[in-house]
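Participant: Any chance you could fold what I've pasted below:
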Amino acid sequence: FSQPSCVFQMDTTQESYLDLFPLDAIVYLTPDSENGNNAHAKHVDVFVLSALFPLQKLTLQRAQEQSLQTARLPIREYMVKTTNTKNYYSETLAINQVFEVLSTYYETQSWPAALKAGVSSGKGYVVPDTVK
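Facilitator: Have a look, this model is predicted:
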């Protein structure tokens with residue numbers, strides 16, 4: 001059993017992230033964002049991982065209403081669609097998958113490694129070196 005190389009502290013509060021952090025320190029992650037180039041990710045202080053299901057671009061709309069910068073995980077940039085029987089492709093991930101991607105990116109500074117770790121093949125995407 002190895003020790004994790006990074007530690008994340010989580011606190012709960014009744015206060016809004018909008019009251020706790022400056023707007024320019026917050027990036028709201030939504031699969032509907034046009035910004036898929038997350039090279040700036042290591043400079044972000046706070047990522048908002050929404051529990052809202054992104055139907056009808058609801059998460060993007062919420063971020064825009066709060067005047068927050070948005071980003072999406074760079075799935076299109078680093079992954080390819082793979083053949084699957086359901087012809088199903090989704091860039092929407094569960095919160096635990098997003099956290100896995102971000103924590104792996106934080107450790108490796110590699111989007112392919114991070115996406116490979118957090119995006120299940122059931123989403124219809126794979127990192128190119130894993131295509132069979």
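
Participant: can we go C-alpha only for contacts and neighbour counts from here?
Facilitator: Noted.

Participant: any idea of the mean pLDDT for the top helix by length along the chain?
Facilitator: Secondary structure assigned by DSSP state H gives helix 95-108 as the longest helix of the chain. With pLDDT averaged residue by residue, helix 95-108 scores 90.

Participant: next one: stretch 48-58
Facilitator: 69.

Participant: Equivalent analysis for stretch 17-29, please.
Facilitator: Confidence over stretch 17-29, taken as the mean pLDDT, stands at 91.

Participant: Now the terminal residues of it, how far apart.
Facilitator: End-to-end distance of stretch 17-29 (CA to CA, to the nearest Å): 14 Å.

Participant: just stretch 65-85 next, same as before
Facilitator: Taking CA to CA as the criterion, the two ends of stretch 65-85 lie 39 Å apart.

Participant: do stretch 102-115 as well
Facilitator: Start-to-end span of stretch 102-115 (CA to CA) is 9 Å.

Participant: What are the buried residues along it?
Facilitator: Residues of stretch 102-115 classed as buried: 102-106, 111-115 (neighbour count, 16 or more other CA atoms under 10 Å).

Participant: so where do the strands sit in the protein?
Facilitator: 26-29, 46-49, 69-71, 80-81, 125-126 (DSSP state E).

Participant: Tell me which other helices or strands the second one touches.
Facilitator: Contact here means 3 or more CA pairs under 8 Å, 6 or more residues apart in numbering; DSSP states H and E; on that basis strand 46-49 packs against strand 26-29.

Participant: Swap in 10 Å and give it another go.
Facilitator: Of the remaining helices and strands, those touching strand 46-49 by 3 or more CA pairs under 10 Å, 6 or more residues apart in numbering; DSSP states H and E are helix 17-20, strand 26-29, strand 69-71, helix 95-108.

Participant: Same check on the first one?
Facilitator: The helices and strands touching strand 26-29, judged by 3+ CA pairs under 10 Å, 6+ apart, are strand 46-49, helix 58-65, strand 69-71.
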